[in-house]
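Novice: With the sequence up front, the predicted model follows.
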Amino acid sequence: GESVGLHLPTLSVQEGDNSIINCAYSNSASDYFIWYKQESGKGPQFIIDIRSNMDKRQGQRVTVLLNKTVKHLSLQIAATQPGDSAVYFCADPDPNAGNNRKLIWGLGTSLAVNP
Amino acid sequence: DGGITQSPKYLFRKEGQNVTLSCEQNLNHDAMYWYRQDPGQGLRLIYYSQIVNDFQKGDIAEGYSVSREKKESFPLTVTSAQKNPTAFYLCASSSGDDTDTQYFGPGTRLTVL
């Protein structure tokens, strides 16, 4: 959705706890989703992706869950560390873009890890 | 060492001057993108290009221009018509396969004085 003028939601967790970052999408035709991590002053980095034919995908300390019924996905970070402090974005290819391939970006969530 | 490079990292310009931001990739990606990011906010698409010699306006193209003469390069010009040019500019590229995953450069922080 449109993010102009809106402040990022913030999630604050204690070091060692698990973090859950949520994202909602609007188009039921969306079939591929990506999570990015952006550290302060840097470009976003790819974390993990998931296709719509999957409900869950695991990486190193991260798990993405996809609920197509309610058009919701979440990123779970296990044993959160100070280095996980960043802004996390979900994105999916615009299914209405045709051959002009581009991503629809979520607002982003700022994760703060307290030592 | 493959990747996307943007230069310079910090750029200062006087109001009313045009400025060009560089973006180069050696990933052999067909598609390239320019985003603008303001403090505490998300990414907004300025321009994108699916193939050499072709590009499309994104959501906030006014006051910006691009060219795509080479596959590796997608420079962005911030013109004097852009009313609030101070921002963090991010370039990305993707292979154009069915995943559309974009890979980002380090960004250029432009400050107009």
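Specialist: Received, thanks. Residues are numbered from 1 along each chain as shown, chains lettered A, B, ... in the order given.

Novice: what about residue B:66, distance to residue B:110?
Specialist: Plainly put, residue B:66 is 15 Å away from residue B:110 if you go by C-beta to C-beta, to the nearest Å. In this view, the C-beta of every residue, glycine as well, is placed from N, C-alpha and C.

Novice: Can you list the low-confidence ranges for the chain?
Specialist: Just so you know, I chose chain A. A:1-7, A:99-100 (pLDDT under 70).

Novice: meant chain B actually
Specialist: Checking chain B against pLDDT under 70 turns up B:1-2, B:98.

Novice: how about the strands of it, start to end?
Specialist: B:4-7, B:10-13, B:19-25, B:31-37, B:43-51, B:54-57, B:64-66, B:76-78, B:87-94, B:103-104, B:108-112 (DSSP state E).

Novice: Output those as a markdown table; include the columns distance to residue A:13 and mean neighbour count.
Specialist: Formatted as a markdown table, the strands of chain B follow (distance: least, C-beta to C-beta, whole Å; neighbours: other C-beta atoms under 10 Å in any protein chain shown):
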| stretch | distance to residue A:13 | mean neighbour count |
| --- | --- | --- |
| strand B:4-7 | 31 | 17 |
| strand B:10-13 | 32 | 14 |
| strand B:19-25 | 35 | 19 |
| strand B:31-37 | 24 | 25 |
| strand B:43-51 | 24 | 22 |
| strand B:54-57 | 39 | 14 |
| strand B:64-66 | 38 | 20 |
| strand B:76-78 | 36 | 21 |
| strand B:87-94 | 26 | 24 |
| strand B:103-104 | 25 | 21 |
| strand B:108-112 | 28 | 17 |
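
Novice: okay, these in JSON lines with distance to chain A next?
Specialist: Below are the strands of chain B laid out as JSON lines (distance: least, C-beta to the nearest C-beta, whole Å):
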{"stretch": "strand B:4-7", "distance to chain A": "8"}
{"stretch": "strand B:10-13", "distance to chain A": "10"}
{"stretch": "strand B:19-25", "distance to chain A": "11"}
{"stretch": "strand B:31-37", "distance to chain A": "6"}
{"stretch": "strand B:43-51", "distance to chain A": "5"}
{"stretch": "strand B:54-57", "distance to chain A": "6"}
{"stretch": "strand B:64-66", "distance to chain A": "14"}
{"stretch": "strand B:76-78", "distance to chain A": "14"}
{"stretch": "strand B:87-94", "distance to chain A": "5"}
{"stretch": "strand B:103-104", "distance to chain A": "3"}
{"stretch": "strand B:108-112", "distance to chain A": "8"}
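
Novice: Need those strands in a markdown table (columns: distance to residue A:95).
Specialist: Below are the strands of chain B laid out as a markdown table (distance: least, C-beta to C-beta, whole Å):
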| stretch | distance to residue A:95 |
| --- | --- |
| strand B:4-7 | 26 |
| strand B:10-13 | 36 |
| strand B:19-25 | 26 |
| strand B:31-37 | 17 |
| strand B:43-51 | 16 |
| strand B:54-57 | 17 |
| strand B:64-66 | 25 |
| strand B:76-78 | 27 |
| strand B:87-94 | 16 |
| strand B:103-104 | 21 |
| strand B:108-112 | 31 |
